[in-house]
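Chemist: one predicted model, sequence on top.
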Amino acid sequence: MKIVFMGTPYFARTTLELLSQSRHEVAAVFSQPDKPKGRGKVLLPLPVKSFALSQNIPVYQPPSLKDEDVFKTIESLNPDIIIVVAYGQLLPLIIINYPRFSCVNLHASLLPKYRGAAPINWALIRGEKETGVTTMLMEEGLDTGDILLQEKISISPDDNVMTLHDKLAILGAEKILKTVDGLEKGLITPVKQDHAKAMYAPKLKKEDGLINWECSSNDVFNLIRGTYKWPGAYSFLKDNRLKVLKAKMPVNVHEGKPASILDIRQNGIEVATKDGSILITSVQPEGKSEMDAYQFSLGHKIKTGDYFNSGITF
């Protein structure tokens, strides 16, 4: 199969790496335009582009796929199939309908659950016990196309966005390769999604990370791991904004009010919730790097009985 690959971040790079090692031909890569990074605002190649260049695969970075020249480029490449993984732009119908085997998208959820931009985050935030990957035929709707292949994976209590991202990236790459092989051999029958069961996973906003200590320990814990490291679960302590990056679940019985600090010990800061407590182990003060929660408490003279404040906004 002659493939045009469209993707941008590390999640997509994993699939591109596997396809480039397969018997199929990756004829070209489309990726988002480079973005300035760091204080010097240096333009650095994004993960998919960087790998494509290392393999001498032609790279295109149009600001918009609606440009007429983009379609002419795809026509000249004449792909059998277009693979789309976390590309970052909607494809116009003229491109979706062009390849002989259509356009195939990889999505990091078990569709129709968690359609949208942040399926990994929301699966964790909502306390799901399992998630997975889906390959589907693309259409104009947002993640509404017919399902080709799916595979489930368990979500561990130790998972956060980064660990689950890496697991799903590997699983998704393998599933894309099986999808390409299966479509080529006529072994896959597309299945319509049950739209009545659709759930959405919209792009996260900064305010989505604000911790409500009146929630259950489970809810607070899931917010922390589902927003790691962006936007980051956060609260306010002594009027300073503090990201809570990592936590554990002691869920101790206590008489403290939610948001109160119950204990400070070497393995973390224990904070009361609606029905128990959580143990904060890693934090990030505003404008600083990640640090051990206990060391933070020593440097900022935090003591038992102090309160986090969820009511301050920025």
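Modeler: Received, thanks.
Chemist: contacts for the worst-scoring helix or strand of the chain on mean pLDDT?
Modeler: The least trusted helix or strand in the chain, going by mean pLDDT, DSSP states H and E, turns out to be strand 42-44, with a mean of 75. Strand 42-44 is contacted by residues 34-37 when judged by C-beta atoms under 8 Å, 6 or more residues apart in numbering. From N, CA and C alone the C-beta is placed, and that goes for glycine too.
Chemist: ranges for the helices of the stretch 151-300 of the chain?
Modeler: 161-184, 217-226, 293-299 (DSSP state H, counting those that start in this stretch).
Chemist: most tightly packed of the ones you listed?
Modeler: Ranked by mean neighbour count, these are led by helix 217-226 with a mean of 23 (mean count of other C-beta atoms under 10 Å).
Chemist: can I get it in CSV, CA atoms only?
Modeler: The C-alpha trace of helix 217-226 is given here as CSV (Å, rounded to 0.1, in the frame of the first residue of the first chain):
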residue,chain,number,x,y,z
SER,A,217,-10.9,11.3,47.2
ASN,A,218,-11.3,9.3,44.0
ASP,A,219,-12.5,12.3,42.0
VAL,A,220,-9.6,14.5,43.2
PHE,A,221,-7.1,11.7,42.5
ASN,A,222,-8.5,11.1,39.0
LEU,A,223,-8.3,14.8,38.3
ILE,A,224,-4.6,15.0,39.3
ARG,A,225,-3.6,12.1,37.1
GLY,A,226,-5.9,13.1,34.2
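Chemist: starting at the chain centroid, how far to it?
Modeler: 16 Å (C-alpha atoms, centre = their mean, to the nearest Å).
Chemist: quick one on the thing from earlier: got TSV for the contacts of strand 42-44, with pLDDT, neighbour count and distance to residue 128 too?
Modeler: What follows is the contacts of strand 42-44, written out as TSV (pLDDT from 0 to 100; neighbours: other C-beta atoms under 10 Å; distance: C-beta to C-beta, whole Å):
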residue	pLDDT	neighbour count	distance to residue 128
34	90	14	34
35	82	11	31
36	77	10	35
37	73	11	32
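Chemist: which of those fall in strands?
Modeler: 35-37 (DSSP state E).
Chemist: so which of the helices of the stretch 151-300 of the chain is nearest residue 250?
Modeler: Closest of the helices of the stretch 151-300 of the chain to residue 250 is helix 217-226, at 8.4 Å (criterion: C-beta to C-beta).
Chemist: residue 306: what's it in contact with?
Modeler: 237-238, 260-261.
Chemist: got it, and residue 218?
Modeler: 127, 249.
Chemist: let's see 7 Å
Modeler: residue 127 (C-beta atoms under 7 Å, 6 or more residues apart in numbering).
Chemist: one more: residue 152?
Modeler: 110, 130, 132.
Chemist: from residue 263, how far off is it?
Modeler: Using C-beta to C-beta, to the nearest Å, one gets 38 Å for the distance from residue 152 to residue 263.
Chemist: residue 57 too?
Modeler: 55 Å.
Chemist: try residue 251
Modeler: 13 Å.
Chemist: show me where the stretch 201-314 of the chain has strands.
Modeler: 233-237, 240-248, 261-265, 268-272, 277-285, 291-292, 308-309 (DSSP state E, counting those that start in this stretch).
Chemist: strands of the stretch 51-200 of the chain, start to end?
Modeler: 59-60, 81-85, 103-107, 130-137, 147-154.
Chemist: okay if I get these as CSV plus distance to residue 208 and mean pLDDT?
Modeler: As requested, the strands of the stretch 51-200 of the chain are arranged in CSV below (distance: least, C-beta to C-beta, whole Å; pLDDT from 0 to 100):
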stretch, distance to residue 208, mean pLDDT
strand 59-60, 33, 98
strand 81-85, 24, 98
strand 103-107, 20, 98
strand 130-137, 19, 98
strand 147-154, 24, 98
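Chemist: residue contacts, the closest residue in space to residue 260 that isn't next to it in sequence?
Modeler: Once flanking residues are discounted, residue 260 sits nearest to residue 272: 4.8 Å by C-beta to C-beta, 6 or more residues apart in numbering. Contact analysis of residue 272 by C-beta under 7 Å, 6+ apart lists 254, 256-260, 262.
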